[in-house]
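[1] I would like to see how this sequence folds:
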Amino acid sequence: QVQLAESGGGLVEAGGSVRLSCVASGPGFTDYVMGWFRQTPDREREYVALISGSGATRYYTDSVKGRFTISRDNARNTVTLQMASLKPEDTAVYYCAADSRRGGLPGRRPEGSDSWGKGTLVTVSS
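    The predicted structure is shown next:
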(Lines give C-alpha, C1' and ligand atoms only; values in the text may rest on other atoms or scores of the structure.)
Protein backbone atom coordinates (compact mmCIF):
# COMPACT_ATOMS: atom_id res chain seq x y z
CA GLN A 1 0.00 0.00 0.00
CA VAL A 2 1.36 3.40 -0.93
CA GLN A 3 1.88 6.17 1.56
CA LEU A 4 0.90 9.63 0.37
CA ALA A 5 2.01 13.12 1.36
CA GLU A 6 0.45 16.30 -0.01
CA SER A 7 1.96 19.76 -0.24
CA GLY A 8 0.82 23.11 -1.55
CA GLY A 9 -2.41 24.82 -0.69
CA GLY A 10 -2.85 27.91 1.42
CA LEU A 11 -4.80 31.13 1.12
CA VAL A 12 -5.56 32.52 -2.32
CA GLU A 13 -7.87 35.19 -3.67
CA ALA A 14 -10.81 34.30 -5.89
CA GLY A 15 -9.64 34.00 -9.47
CA GLY A 16 -6.19 32.92 -8.41
CA SER A 17 -4.28 29.68 -8.85
CA VAL A 18 -2.81 27.04 -6.58
CA ARG A 19 -0.74 23.95 -7.29
CA LEU A 20 -1.06 20.87 -5.10
CA SER A 21 1.49 18.07 -5.18
CA CYS A 22 1.46 14.56 -3.81
CA VAL A 23 4.39 12.20 -3.41
CA ALA A 24 3.79 8.48 -3.11
CA SER A 25 6.12 6.05 -1.40
CA GLY A 26 5.82 2.32 -1.77
CA PRO A 27 5.70 -0.15 -4.63
CA GLY A 28 3.47 -0.25 -7.65
CA PHE A 29 2.64 3.40 -8.17
CA THR A 30 1.45 2.82 -11.71
CA ASP A 31 -0.99 0.17 -10.46
CA TYR A 32 -3.04 2.90 -8.83
CA VAL A 33 -5.58 5.29 -10.16
CA MET A 34 -4.65 8.51 -8.41
CA GLY A 35 -7.09 11.19 -7.45
CA TRP A 36 -7.74 14.32 -5.48
CA PHE A 37 -10.82 14.62 -3.36
CA ARG A 38 -11.98 17.43 -1.13
CA GLN A 39 -13.98 17.71 2.02
CA THR A 40 -15.68 20.48 3.97
CA PRO A 41 -17.72 20.25 7.19
CA ASP A 42 -20.98 20.71 5.32
CA ARG A 43 -20.35 18.63 2.19
CA GLU A 44 -19.64 15.00 1.44
CA ARG A 45 -16.24 13.99 0.21
CA GLU A 46 -16.06 14.24 -3.54
CA TYR A 47 -13.44 13.39 -6.05
CA VAL A 48 -12.59 16.46 -8.07
CA ALA A 49 -10.12 14.74 -10.39
CA LEU A 50 -8.80 11.27 -11.16
CA ILE A 51 -6.06 9.99 -13.44
CA SER A 52 -5.39 6.46 -14.64
CA GLY A 53 -2.20 4.60 -13.89
CA SER A 54 -0.69 5.38 -17.27
CA GLY A 55 -1.90 8.96 -17.20
CA ALA A 56 -3.82 8.46 -20.43
CA THR A 57 -7.28 8.95 -18.94
CA ARG A 58 -8.53 11.75 -16.73
CA TYR A 59 -11.81 12.50 -15.05
CA TYR A 60 -13.06 15.77 -13.56
CA THR A 61 -16.19 16.52 -11.63
CA ASP A 62 -18.35 19.03 -13.47
CA SER A 63 -17.73 21.91 -11.10
CA VAL A 64 -13.98 21.98 -11.83
CA LYS A 65 -13.87 21.13 -15.53
CA GLY A 66 -11.83 23.66 -17.45
CA ARG A 67 -10.30 25.04 -14.24
CA PHE A 68 -8.40 22.13 -12.67
CA THR A 69 -5.81 19.89 -14.29
CA ILE A 70 -4.53 16.62 -12.86
CA SER A 71 -1.25 15.11 -13.99
CA ARG A 72 1.17 12.45 -12.82
CA ASP A 73 4.86 11.71 -13.19
CA ASN A 74 5.34 7.98 -12.82
CA ALA A 75 9.12 8.30 -12.82
CA ARG A 76 8.91 10.46 -9.69
CA ASN A 77 5.83 8.86 -8.08
CA THR A 78 4.05 12.19 -7.98
CA VAL A 79 0.62 13.50 -8.86
CA THR A 80 -0.23 17.16 -9.21
CA LEU A 81 -3.44 19.17 -9.21
CA GLN A 82 -3.18 22.55 -10.87
CA MET A 83 -6.12 24.69 -9.78
CA ALA A 84 -7.01 27.90 -11.60
CA SER A 85 -9.85 30.43 -11.60
CA LEU A 86 -10.51 29.50 -8.02
CA LYS A 87 -13.83 30.28 -6.40
CA PRO A 88 -14.75 30.60 -2.73
CA GLU A 89 -16.72 27.35 -3.02
CA ASP A 90 -13.46 25.55 -3.82
CA THR A 91 -12.41 26.14 -0.23
CA ALA A 92 -11.81 22.72 1.32
CA VAL A 93 -9.24 20.30 2.61
CA TYR A 94 -7.83 18.50 -0.41
CA TYR A 95 -6.59 14.93 -0.14
CA CYS A 96 -4.52 12.85 -2.51
CA ALA A 97 -5.77 9.27 -2.84
CA ALA A 98 -4.62 5.99 -4.37
CA ASP A 99 -7.18 3.54 -5.71
CA SER A 100 -6.29 0.06 -6.92
CA ARG A 101 -9.79 -0.89 -8.08
CA ARG A 102 -10.24 -1.85 -11.70
CA GLY A 103 -12.71 -0.15 -13.95
CA GLY A 104 -13.48 3.30 -15.22
CA LEU A 105 -12.87 6.55 -13.44
CA PRO A 106 -16.36 8.09 -13.19
CA GLY A 107 -18.46 7.08 -10.21
CA ARG A 108 -15.60 6.32 -7.85
CA ARG A 109 -15.95 7.28 -4.23
CA PRO A 110 -13.03 8.34 -2.01
CA GLU A 111 -14.14 5.84 0.62
CA GLY A 112 -13.17 3.04 -1.74
CA SER A 113 -9.57 4.19 -2.01
CA ASP A 114 -6.70 2.15 -0.63
CA SER A 115 -5.03 5.09 1.06
CA TRP A 116 -4.96 8.87 1.26
CA GLY A 117 -2.76 11.52 2.73
CA LYS A 118 -3.34 13.90 5.64
CA GLY A 119 -4.75 16.59 3.40
CA THR A 120 -3.89 20.20 2.68
CA LEU A 121 -6.18 23.18 3.20
CA VAL A 122 -7.05 25.48 0.34
CA THR A 123 -8.87 28.67 1.32
CA VAL A 124 -10.23 30.93 -1.41
CA SER A 125 -11.17 34.40 -0.26
CA SER A 126 -13.83 36.44 -2.04
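[2] any idea which element the closest residue to residue 70 other than its chain neighbours lies in?
    The shortest distance from residue 70 to any non-neighbouring residue, by Cβ to Cβ, 6 or more residues apart in numbering, is to residue 49 (3.9 Å). Every residue, glycine included, has its C-beta placed from N, CA and C. In this assignment (DSSP states H and E), residue 49 forms part of strand 43-51.
[3] Check which helices and strands that strand is in contact with.
    strand 33-40, strand 58-60, strand 68-73, strand 78-83, strand 92-99 (3 or more Cβ pairs under 8 Å, 6 or more residues apart in numbering; DSSP states H and E).
[4] Quick one, which of the ones you listed gets closest to residue 106.
    Closest to residue 106 of the helices and strands packed on strand 43-51, according to Cβ to Cβ: strand 58-60, at 5.6 Å.
[5] what sits against the residue nearest to residue 39 when sequence neighbours are not counted?
    Using Cβ to Cβ, 6+ apart and skipping residues adjacent in sequence, the residue nearest residue 39 is residue 45, 4.7 Å away. Contacts here follow Cβ atoms under 8 Å, 6 or more residues apart in numbering; on that basis residue 45 touches 37-39, 95, 109-111.
[6] Of those, select the buried ones using a PyMOL command.
    Here is the PyMOL selection string for the buried members of these, based on 16 or more other Cβ atoms under 10 Å:
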select buried, resi 37+38+95+110
